[in-house]
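Trainee: Quick one: sequence plus predicted model below, questions after.
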Amino acid sequence: MFNICQRCGQYRADKEIDPSGPYAVCPECGERYAFQMLPLPLICGPSGGGKSAVLRTLLGKVESAVLLEGDLLWHPEFNRPEDSYRDFYETWLRLAKNINQSGRPVALFNAGAIPPNVEPCVERRYFSKTHYLALVCDDAVLEMRLKARPSWRASGDREFIEAQVKFNQWLKDNAAATEPAIDLLDTTTAGEAETAAAAARWLQAHIGL
């Protein structure tokens, strides 16, 4: 929305933030833009952890936030793990920033939406806070869920399963050490409704749904 300055015409995503407004301040000419600086909750976790099920359950039931599936914007050119998928998350934060100007925060559901991938983004500055929730489960349960998926999804491939189990364990091992820390929600024994209710409570605690 305001990456292009209406005064000098320069494109600058790296506007300075004055929290007193808040205002986004053009670093080229000093033009100030009042904007809504809202929190950004991010729900992450391995494939099979339960993110999509939670999103499906909560859609239409949460009116104070816009719930979005991260894969909606995924394209092969974003697949750059060497730079922490920077372009992908910059694109998502830019979209969320603009949606926020309607007065409703975005809650983003995406596997890799973790602090190391999101916090370094230039567009991160337009959010008051980021909150992270990871849906994890026991490795055996995760493997069972992935193998139960339709064959066209290729979720049962050994390489894919191993990658998801590794990420699942990374979240468990590192959740408390990231900045900000990641809250964990264990979905091993919980049903879809129970998991969705827990996620909704988490959302309410962080953005006041």
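Mentor: It's in. Numbering: from 1, shown residues only.
Trainee: how close does the nearest residue to Gln10 once chain neighbours are set aside get to Trp152?
Mentor: Among residues not flanking Gln10 along the chain, Glu28 sits closest, at 4.5 Å (C-beta to C-beta, 6 or more residues apart in numbering). Quick note: C-beta positions are derived from backbone N, CA and C, even for glycine. Glu28 sits 50 Å away from Trp152, taking C-beta to C-beta, to the nearest Å as the criterion.
Trainee: These two - which one has more neighbours?
Mentor: Per other C-beta atoms under 10 Å, whichever of Glu28 and Trp152 has more neighbours is Glu28, with 14 against 6.
Trainee: for the more buried one, helix, strand, or coil?
Mentor: coil (DSSP: H, G, I helix; E, B strand; the rest coil).
Trainee: i'd like the first residue to be 723 from this point on
Mentor: Got it, first residue is 723 now, which makes that one Glu750.
Trainee: Model confidence score at it, please.
Mentor: You'll see Glu750 listed with a pLDDT of 97.
Trainee: Pull the contacting residues for it.
Mentor: With contact set as C-beta atoms under 8 Å, 6 or more residues apart in numbering, Glu750 has these partners: Cys727, Cys730, Gln732, Arg734.
Trainee: For the nearest residue to the first one once chain neighbours are set aside, grab the count of nearby residues.
Mentor: In this structure, Cys727 finds its nearest non-sequential neighbour in Cys748, 4.3 Å apart by C-beta to C-beta, 6+ apart. Applying other C-beta under 10 Å, we find 22 other residues in the vicinity of Cys748.
Trainee: show me the contacts for Cys748.
Mentor: Contacts of Cys748 (C-beta under 8 Å, 6+ apart): Cys727, Arg729, Cys730, Gln732, Arg734, Lys737, Arg754, Tyr755.
Trainee: Can you list phi and psi of the first one for me?
Mentor: In this case it means Cys727. The phi and psi values for Cys727, taken as degrees, to the nearest 10, are phi -70, psi 130.
Trainee: Okay, and the residue nearest in space to the middle of the chain sits in which element?
Mentor: Centroid-nearest residue in the chain: Leu764, 3.4 Å away (criterion: C-alpha atoms, centre = their mean). Assigned by DSSP states H and E, Leu764 falls within strand 762-766.
Trainee: buried residues in the helix or strand just after that strand?
Mentor: Scanning forward in sequence from strand 762-766 by DSSP H and E, the next helix or strand is helix 773-780. For helix 773-780, a neighbour-count test (16 or more other C-beta atoms under 10 Å) marks Lys773, Ser774, Ala775, Val776, Leu777, Thr779, Leu780 as buried.
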